[in-house]
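Colleague: Everything below, folded, please.
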Amino acid sequence: MQALLNKDGISTKDYVAATPLQRVIAGMINIQLYLAPAIVMFIVLHIRPFSDICFYITLICIIFLIILPVWQCYWMRTRGQSIGKKILGIRIIRLDNRPPNFWTIVIKREIFYYIYIYIYSCN
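Modeller: Numbers count the residues shown, from 1 in each chain. Predicted coordinates:
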C-alpha cells in the first residue's frame, strides 16, 4: 500500500508513534494549564478576597479557564493536537491523512476528559 501525502508533503510512513511517556507528559502539561490559574485564584481569594486587584485576577483566571477548553477542542479538531501535544511535537493522525474525526477526537478525548476531571475534583 502506498503512503498518502498530506498537505505538508509528509506521508503517514514519516510519522513515529509517540511513546507512552510522551503522552503522559503531554497530559500533565494540559492538566497544569488548568491547575495554574485555579491555584492562583485560590491563593488570591484567600489572601484578600474583597480587594479590587483580587477581583480582576480572579476574573482573568475564570475567563482563561472558560476559554482553555474551547481552545483545546478547536486545536484537537483542526490540528490533532492539544497544547501539551503541541509542545512535545505529538499529533493525532489518521492513516489516510484526513483531519481527525470530530467525534472520536474532540468529544471522546477532550470533553469526556474535562467532565472526568471536574467530577474527580469535586469529590
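Colleague: In this protein, what helix or strand scores lowest on average pLDDT?
Modeller: helix 112-122 (a mean of 72; mean pLDDT, DSSP states H and E).
Colleague: That helix - contacts with which helices or strands?
Modeller: Packing partners of helix 112-122 (3 or more C-beta pairs under 8 Å, 6 or more residues apart in numbering; DSSP states H and E): none among the helices and strands. C-beta here means a position set from N, CA and C on the backbone, and glycine is covered the same way.
Colleague: Let's see that helix as PDB, backbone CA atoms only.
Modeller: Presented in PDB, the C-alpha positions along helix 112-122 are these (Å, rounded to 0.1, in the frame of the first residue of the first chain):
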ATOM      1  CA  PHE A 112     -15.200  13.500  28.400                       C
ATOM      2  CA  TYR A 113     -11.800  14.100  29.800                       C
ATOM      3  CA  TYR A 114     -12.800  17.600  31.200                       C
ATOM      4  CA  ILE A 115     -16.000  16.100  32.600                       C
ATOM      5  CA  TYR A 116     -14.000  13.400  34.400                       C
ATOM      6  CA  ILE A 117     -11.500  16.000  35.800                       C
ATOM      7  CA  TYR A 118     -14.400  18.100  37.000                       C
ATOM      8  CA  ILE A 119     -16.200  15.200  38.700                       C
ATOM      9  CA  TYR A 120     -13.000  13.900  40.200                       C
ATOM     10  CA  SER A 121     -12.000  17.400  41.500                       C
ATOM     11  CA  CYS A 122     -15.400  17.900  43.100                       C
END
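Colleague: What are the buried residues along it?
Modeller: Burial within helix 112-122, assessed by neighbour count using 16 or more other C-beta atoms under 10 Å, is assigned to Tyr113.
Colleague: Give me the contacts around that helix.
Modeller: 31, 34, 69 (C-beta atoms under 8 Å, 6 or more residues apart in numbering).
Colleague: Now do Tyr118 against Tyr34, distance only.
Modeller: Counting by C-beta to C-beta, to the nearest Å, the gap from Tyr118 to Tyr34 is 10 Å.
Colleague: Many thanks, we can stop here.
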